[in-house]
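1. I need the structure of the sequence given here:
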Amino acid sequence: MREKPDNHNMAKKREEAGDSIQENILGVLETLFRYKKAILYTCGAAAVISIVVSLLLPVYYKSTSVFYAASTDLASPERIFGNVNAAIEYYGQPEDIDRVITIAESNEVTDYMIDRFDLYDRYDIDTTSARAPYYVRLAYFDLYDLSQTKYDAIQLSVEDEDPKVAAEMANAARNKTAEILVRLIKESQDQTLSAYRTSIEEGEKNVIVINDSLQRTRNRFKVYNTVSQSEGISNALQKARSKLLMNEIELEEMQKQGNVPRDTIRRRNAIIAGTRYQIDELNKDLDLFNQGMAQVDYLTTLQEETSQQLSEDKQLYKNYLAAYNSTFPTLHVVENARPPIIKSRPIRWLIVVASVIIAFILSIFAVLLFDQYKDIDWKKIVNAR
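-> As a prediction, the model looks like this:
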């Protein structure tokens with residue numbers, strides 16, 4: 001059979017454990033009360049020191065500029081001149097935002113800010129040191145911040161001891177970023193313009209070559225209009241053959257009559273001979289025409305296609321040139337940076353309060369640790385071999 005638990009013993013153990021915890025808490029409180037002066041002195045010293053230190057800390061002011069990334073559609077000739085059946089996007093997509101942030105943190109913007117505002121001297125960095133460029137960038141990025149809001153706007157903030165300089169630096173960094181964005185887009189457009197210029201030059205050369213070849217082919221085969229000329233030669237040949245047949249029949253009737261003058265018969269023979277010669281020439285022209293017609297048609301089609309492509313390239317070149325020479329925004333500025341009135345740091349009361357709290361907690365641990373091991377002979381332990 002299963003033994004029944006001894007409820008009395010269990011209750012007694014719980015009571016003893018509770019008494020033990022209570023005694024420990026009372027012991028801790030007794031120790032803290034015994035060393036209360038040391039704890040108070042420590043907290044007081046921490047308060048005094050933190051007050052002095054916070055008063056010695058330099059005061060910084062933060063100035064912020066807020067803006068949106070503009071869409072690259074605003075610089076696209078296809079969008080500007082309506083060659084794409086889609087509405088223009090005025091505000092940038094996530095990739096445009098990433099591009100702006102990347103450029104704003106680039107070495108080019110950083111070097112520009114360092115040179116313009118003489119940050120080596122402003123941040124008191126020794127320029128003779130080999131690590132000076134590293135230190136000046138480290139100091140700069142400690143005071144420079146870029147962030148994206150939940151509404152996809154970009155906040156560019158700069159801290160400085162002078163509120164006016166902070167505002168100037170924030171606006172300068174934003175403007176330099178916009179300038180680089182414009183330059184990159186224009187460099188891309190310039191490459192496209194160069195490609196179109198090359199294409200146009202090649203197209204003009206090809207048109208000249210095709211025109212010369214077409215002219216030589218027309219002159220060689222006497223083909224000038226494949227439709228009307230083919231119809232004209234066929235009609236002329238048909239008429240000449242009909243004329244020849246009619247004159248031959250009339251001549252045969254004249255010869256049968258016997259009383260027709262010789263001059264009339266001679267003229268009729270001359271007409272028949274001339275008509276036969278005309279038919280031979282027309283047949284030659286038709287054969288020559290048939291030989292050159294395919295080449296002329298091919299060269300004519302090639303000329304039209306090349307001319308059309310050249311015309312399209314010239315129109316696209318004009319569009320890109322107009323876009324290249326135009327001004328377009330790369331950033332939509334919502335708020336310019338202005339000199340702040342209230343400092344951003346240090347928050348002196350927070351420093352003092354945090355220092356006192358930390359000193360209080362550390363002093364409690366120190367007192368408890370000291371009281372726990374005060375009876376130990378530390379010399380004996382240190383000198384033990």
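2. Ile39 contacts Leu362, correct?
-> No. The pair Ile39 / Leu362 is not scored as a contact, 9.9 Å apart, by CB atoms under 8 Å. The C-beta positions use only the backbone N, C-alpha and C, and glycine is treated the same way.
3. more crowded one of these two?
-> Shown here are Ile39 and Leu362; by other CB atoms under 10 Å, Ile39 has more neighbours (18 against 14).
4. Chain neighbours aside, what residue packs nearest to the more buried one?
-> Ser363 (4.7 Å; CB to CB, 6 or more residues apart in numbering).
5. dump the residue contacts of that neighbour.
-> Ala38, Ile39, Thr42, Cys43 (CB atoms under 8 Å, 6 or more residues apart in numbering).
6. Helix, strand, or coil at the third one?
-> Three-state assignment for Thr42 (DSSP: H, G, I helix; E, B strand; the rest coil): helix.
7. Could you count how many residues lie near it?
-> 19.
8. Wait, it touches Ala359, no?
-> Yes. Assessed by CB under 8 Å, Thr42 is found in contact with Ala359 at 5.4 Å.
9. what's the longest strand in this structure?
-> strand 61-69 (DSSP state E).
10. Look up the closest residue to Gln255, ignoring the ones flanking it.
-> Ile265 (7.0 Å).
11. Quick check: the one you found is in a strand.
-> No. Read with three-state DSSP, Ile265 is helix and lies in no strand.
12. Let me see the contact set for the residue of the chain positioned farthest from its centre.
-> Centroid-distance maximum for the chain: Asn259 at 101.4 Å, with CA atoms, centre = their mean. For Asn259, the contact set (CB under 8 Å, 6+ apart) is empty.
13. can you count the residues close to Ala273?
-> Neighbour number of Ala273 under other CB under 10 Å is 12.
14. buried set for the helix or strand the residue nearest to Ile39 falls within?
-> Ser363 belongs to helix 348-372 when elements are defined using DSSP states H and E. For helix 348-372, the neighbour count (16 or more other CB atoms under 10 Å) marks Arg348, Ile351, Val352, Ser355, Val356, Ala359, Ser363, Ile364, Val367, Asp371 as buried.
15. which residues of the stretch 51-200 of the chain score low on pLDDT?
-> Per-residue confidence for the stretch 51-200 of the chain (pLDDT under 70) gives these ranges: 79-80, 82-87.
16. Do you have the strands of it handy? List them.
-> With DSSP state E, counting those that start in this stretch, the ranges of strands along the stretch 51-200 of the chain come out as 61-69, 144-148, 154-160.
17. Which one, of the ones you listed, ends up nearest to Ile210?
-> strand 61-69 (47.2 Å; CB to CB).
18. where does the residue nearest to Asp190 when sequence neighbours are not counted sit relative to Leu74, distance-wise?
-> Once flanking residues are discounted, Asp190 sits nearest to Tyr324: 6.8 Å by CB to CB, 6+ apart. Distance, Tyr324 to Leu74, by CB to CB, to the nearest Å: 13 Å.
19. Among those two, which residue is more densely surrounded?
-> Leu74 (20 against 16).
20. Regarding the nearest residue to that one once chain neighbours are set aside, what is its secondary structure?
-> Nearest residue to Leu74 in three dimensions, chain neighbours excluded: Phe328, at 4.6 Å (CB to CB, 6+ apart). Classification of Phe328 using three-state DSSP returns coil.
21. So what sits opposite Val333 in the bridge?
-> Beta-bridge pairing of Val333 under DSSP bridges involves Phe67.
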